[in-house]
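Participant: Have a look at this prediction, sequence included:
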Amino acid sequence: MPLFAPWKSCCNVETLRLQGLRQCAGRVDLPGSKSIANRALLMAALCQQGQTTELRHMLRSDDTARMLEALAALGVSMTEIDRTTLRIKGCQGHWPQHPQSLYLGNAGTAMRPLTAVLAATGPCPITLTGDSRMQERPIGDLVAALLAGGATVDYQGINGYPPLTITNCMQGGKVQVNGSASSQYISALLMALPLLAQDTTLELVGDVVSWPYIQLTLSMLAAFGIVVEQPQQQQFFIRGGQIYQSPQTYWIEGDASAASYWLAAGVLGGGPLRIDGIGHKSIQGDIQFVDYLRQMGGQVVLHDEYAEVQGGELVALDADLNAIPDAAMTFATLALFAQGTTCIRNVANWRIKETDRLHAMATELRKTGAQVEEGADFICITPPQQLQHARIATYDDHRMAMCFSLLGFSDAGVTIEDPACCAKTYPDYFQEFNRLCR
Ligand SMILES: O=C(O)C1=C[C@@H](OP(=O)(O)O)[C@@H](O)[C@H](O)C1
Ligand SMILES: C=C(OP(=O)(O)O)C(=O)O
């Protein structure tokens with residue numbers, strides 16, 4: 001079926017050596033945002049029966065493929081107009097097919113929202129599972145909220161982790177959710193609760209992480225006609241019986257987390273590099289990367305829908321980057337080119353993402369000769385006098401591969417293992433890198 005035809009993997013090589021790059025200039029068109037794409041796919045599928053949504057600038061990557069496959073298994077009608085334009089027919093949660101299980105790889109933006117939405121709509125029973133890493137990524141706080149709302153959910157392996165089976169739907173009422181491990185649990189509930197017959201008061205407990213992703217969810221829900229009230233900072237009121245309304249066409253803006261690699265490469269390579277797809281108007285929190293990059297000395301001009309980057313002499317950054325956990329990783333490798341010690345703070349949940357990112361980052365950065373302190377929720381990096389060539393393990397983590405590409409701007413260079421893992425969110429990353437940076 002052409003919809004799920006495999007794309008060319010980013011590079012059919014086991015390792016990639018990058019060294020002595022001096023320039024990164026030209027123009028790059030960002031792929032669609034992973035976070036927006038997977039939300040848009042699900043929301044379009046939930047739209048009123050018979051309504052069609054045309055999603056434009058769709059990201060084609062592993063994570064969106066997992067969402068597309070799940071929706072196809074549920075019987076959602078989808079037409080590929082071209083590689084980045086899809087038409088999705090709404091079925092209002094009355095899924096035409098009843099698969100026994102869904103495989104969601106390592107896509108948090110598929111696993112968490114689908115768990116909540118299917119616990120609201122059925123069909124039951126249904127089992128949601130993922131790859132081996134997904135089975136180590138906690139989902140217990142979300143499931144606890146679903147149970148409190150009246151659902152029946154059973155773990156098939158370890159308590160608190162996928163795979164899980166939903167056997168009875170939730171009703172709503174008063175629900176608490178702990179948001180200190182992942183904001184995706186809250187986003188998932190916000191997408192699911194309007195589908196219930198009953199109204200729900202959703203109370204957030206714990207120190208909620210990654211707030212801008214919740215705002216992103218609220219902004220997209222509004223675009224799809226869903227009303228969410230927020231009487232207090234940590235409380236939402238969601239009226240039941242709402243029906244998603246198609247905006248007819250929905251443009252998926254460029255991926256702001258992916259933009260961080262180009263913004264950083266543009267600074268290291270002196271630019272001028274124009275990055276199309278994000279700007280002032282972005283609804284993604286990771287656009288804040290630009291502010292921190294400027295604090296480090298990077299020269300960036302943000303326009304409405306694109307960014308332009310030149311060089312800059314970099315100084316260290318010390319910041320709480322809880323709001324931008326994905327783009328924050330880029331500062332860990334950029335730190336190797338900055339004067340002083342860079343500290344990235346309040347990122348404990350790096351440990352439960354594609355890999356334990358605090359440990360992986362610390363381990364790989366040390367290979368360059370950097371002095372690295374790994375704390376429970378922070379990492380501090382002091383670059384060495386002279387960077388050493390490093391062979392970097394990437395832990396099946398797309399961001400590890402993309403972050404370490406920046407080491408190509410050092411004389412010592414870098415060898416990146418399994419660069420193809422970038423296909424989780426950016427299959428073309430290294431082709432584009434090769435085109436722009438020399
Ligand atoms: O809602 C989202 O789209 C995301 C939220 C963040 O996760 P956490 O809330 O778990 O930090 C982020 O790291 C992830 O890549 C995407
Ligand atoms: C944490 C990430 O992914 P996920 O959506 O699977 O949580 C990420 O893309 O950095």
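Facilitator: Sure, I can see it. Ligands and ions are numbered 1, 2, ... in the order given.
Participant: how does the protein divide into domains?
Facilitator: Listed domain ranges for the chain are 15-30+255-436, 34-233 (source: the TED database).
Participant: Of all those, which one is nearest ligand 2?
Facilitator: Among the domains of the chain, domain 34-233 comes nearest to ligand 2, with 2.7 Å by CB to the nearest ligand atom. No exception for glycine: its C-beta is placed from N, CA and C like everyone else's.
Participant: what distance separates the start and the end of that closest one?
Facilitator: End-to-end span of domain 34-233 (CA to CA, to the nearest Å): 26 Å.
Participant: Which positions in the stretch 201-350 of the chain make contact with ligand 1?
Facilitator: Contact residues, the stretch 201-350 of the chain versus ligand 1 (CB under 6 Å from any ligand atom): Val209, Ser210, Tyr213, Pro325, Asp326, Asn349.
Participant: Mark which of those residues are part of strands, please.
Facilitator: For those, not one is inside strands, with DSSP state E as the criterion.
Participant: Just the strands from the stretch 201-350 of the chain, written as ranges.
Facilitator: Applying DSSP state E, counting those that start in this stretch to the stretch 201-350 of the chain gives strands spanning 229-232, 235-238, 249-251, 273-276, 300-302, 306-309, 318-320, 342-345.
Participant: Could you dump those into CSV with distance to Val267 and mean neighbour count added?
Facilitator: Shown next, in CSV, are these (distance: least, CB to CB, whole Å; neighbours: other CB atoms under 10 Å):
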stretch, distance to Val267, mean neighbour count
strand 229-232, 37, 10
strand 235-238, 39, 19
strand 249-251, 28, 16
strand 273-276, 9, 21
strand 300-302, 8, 18
strand 306-309, 6, 24
strand 318-320, 17, 15
strand 342-345, 14, 23
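Participant: out of these, nearest to Val175?
Facilitator: Comparison of the strands of the stretch 201-350 of the chain against Val175 by CB to CB identifies strand 235-238 as nearest, at 9.4 Å.
Participant: Please render the domains of the chain as CSV that adds mean pLDDT and distance to ligand 2 to the earlier fields.
Facilitator: Converted to CSV, the domains of the chain look like this (pLDDT from 0 to 100; distance: least, CB to the nearest ligand atom, whole Å):
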stretch, mean pLDDT, distance to ligand 2
domain 15-30+255-436, 98, 4
domain 34-233, 98, 3
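Participant: of these, which approaches Ser246 most closely?
Facilitator: Nearest of the domains of the chain (CB to CB): domain 34-233, 3.9 Å.
Participant: how far out from the middle of the chain is the closest one?
Facilitator: When distances are taken as CA atoms, centre = their mean, to the nearest Å, domain 34-233 is centred 14 Å away from the chain's centroid.
Participant: before we move on, what about stretch 407-415?
Facilitator: Here the centre of stretch 407-415 is set off from its chain's centre by 27 Å, with CA atoms, centre = their mean.
Participant: okay, how far is it across that stretch, tip to tip?
Facilitator: From its first residue to its last, stretch 407-415 covers 9 Å (CA to CA).
Participant: follow-up on the earlier one: for Gln100, find the nearest of the strands of the stretch 201-350 of the chain.
Facilitator: Among those, strand 235-238 comes nearest to Gln100, with 29.4 Å by CB to CB.
Participant: just the helices in the stretch 151-300 of the chain please.
Facilitator: Assigned by DSSP state H, counting those that start in this stretch, the helices in the stretch 151-300 of the chain fall at 184-192, 211-223, 256-268, 289-296.
Participant: Those into TSV, with extra columns for distance to Ala45 and mean neighbour count?
Facilitator: TSV is the format used below for the helices of the stretch 151-300 of the chain (distance: least, CB to CB, whole Å; neighbours: other CB under 10 Å):
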stretch	distance to Ala45	mean neighbour count
helix 184-192	11	28
helix 211-223	13	19
helix 256-268	24	29
helix 289-296	31	20
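Participant: quick one, what contacts the closest residue to Leu59 other than its chain neighbours?
Facilitator: Closest residue to Leu59 apart from its sequence neighbours, by CB to CB, 6 or more residues apart in numbering: Gly32 at 3.8 Å. Counting by CB atoms under 8 Å, 6 or more residues apart in numbering, Gly32 touches His57, Met58, Leu59, Thr84, Ile252, Glu253, Gly254, Asp255, Gly277.
Participant: quick one: Gly32 and ligand 2, what's the gap?
Facilitator: Here Gly32 is placed at a distance of 13 Å from ligand 2 (CB to the nearest ligand atom, to the nearest Å).
Participant: For that residue, report the pLDDT, please.
Facilitator: We have a pLDDT of 98 for Gly32.
Participant: Can you name the residues bridging to it?
Facilitator: Assessed by DSSP bridges, Gly32 has beta-bridge partners Gly254.
Participant: how close does the nearest residue to Gly108 once chain neighbours are set aside sit to Thr115?
Facilitator: Spatial nearest neighbour of Gly108, excluding adjacent residues (CB to CB, 6+ apart): Gln184 at 5.4 Å. Separation of Gln184 from Thr115 (CB to CB, to the nearest Å): 10 Å.
Participant: Next: Glu305.
Facilitator: Distance from Glu305 to Thr115, by CB to CB: 34 Å.
Participant: These two: who's more crowded?
Facilitator: The residue with more neighbours, out of Glu305 and Thr115, is Thr115; 28 against 14, by other CB atoms under 10 Å.
Participant: Now the more buried one. Nearest residue, chain neighbours left out?
Facilitator: Leu128 (5.6 Å).
Participant: What of Gln176?
Facilitator: Glu203 (4.8 Å).
Participant: what's the burial count for that neighbour?
Facilitator: Neighbour count for Glu203, taken as other CB under 10 Å: 14.
Participant: What of Gln431?
Facilitator: Neighbours around Gln431, by other CB under 10 Å: 12.
Participant: Just read off the phi/psi values of it.
Facilitator: The phi/psi pair for Gln431 (degrees, to the nearest 10) reads phi -60, psi -40.
Participant: show me the contacts for the residue nearest to Gln176.
Facilitator: Counting by CB under 8 Å, 6+ apart, Glu203 has contacts Lys174, Val175, Gln176, Val177, Gln234, Gln235.
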